[in-house]
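Undergrad: sequence unavailable; structure follows:
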């Protein structure tokens, strides 16, 4: 545990070594660009007479990939970015697009998470009485609650309490008071967290 400038660090900062750079996306893109340049130079030297045919095939391939992107359900800004990349660097751009679309690195994790969600569906029971209470307020919330419970297994509960803090400082003060009152366990959930004063 390190303490610098009033910050308690529980974990050693990650070193940005050469391996991290080698396996980064930027390095892979640059490597593909260099490989394409080398291939183009080699083809030009070895098959000068076939260059018009190769250029025609490359242009046709680029047009097909642009049509594919145009018809995909990708975000418009992402489509434009990929179109520019593939237009300039067709071969490495297409390979990288395919790797991104297949999402190979996260498939196993997603499959495992979905399996755990299916296995735990029966563990979280939705109380029908709570749903019936929502039917009477005519806000349509009961339909939404049924939907999130059916699709993601997120039941709702009554007799709960929520406190709104307009400022983070107010929340931090209340959180410290709550931590001091904890008797058995502490549960805190954050979407973004990093080493610093709050975490330490």
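TA: Here it is on my side, so go on. Quick caveat, the model's predicted, so the values are computed rather than measured. Residues are numbered from 1 along each chain as shown.
Undergrad: all strands of the chain, in order?
TA: For the chain, strands defined by DSSP state E occupy the ranges 2-4, 7-9.
Undergrad: mind telling me which of those strands the model trusts least?
TA: Mean pLDDT per stretch puts strand 2-4 lowest among the strands of the chain, at a mean of 52.
Undergrad: quick one, helices of the protein?
TA: If DSSP state H is used as the criterion, the helices of the chain fall at 18-22, 25-46, 51-71, 76-88, 90-102, 104-120, 128-135, 141-152, 168-181.
Undergrad: against residue 177, how distant is the spatially most central residue of the chain?
TA: The chain has residue 106 as the residue nearest its centroid, 9.6 Å off, counting by Cα atoms, centre = their mean. Distance of residue 106 to residue 177, given as Cβ to Cβ, to the nearest Å: 39 Å. Using the backbone N, CA and C atoms, a C-beta is placed for each residue, glycine as well.
Undergrad: do residue 144 as well
TA: Counting by Cβ to Cβ, the separation of residue 144 from residue 177 is 33 Å.
Undergrad: do residue 47 as well
TA: 76 Å.
Undergrad: residue 139 too?
TA: Per Cβ to Cβ, residue 139 is found 34 Å from residue 177.
Undergrad: shaky segments in the protein?
TA: Within the chain, the stretches with pLDDT under 70 are 1-17, 104-105, 192-200.
Undergrad: contact partners for residue 54?
TA: 43, 47 (Cβ atoms under 8 Å, 6 or more residues apart in numbering).
Undergrad: how many residues are close by the closest residue to residue 103 other than its chain neighbours?
TA: What sits nearest to residue 103 in space, not counting adjacent residues and going by Cβ to Cβ, 6 or more residues apart in numbering, is residue 110, at 8.0 Å. Other residues lying near residue 110 total 10 when counted by other Cβ atoms under 10 Å.
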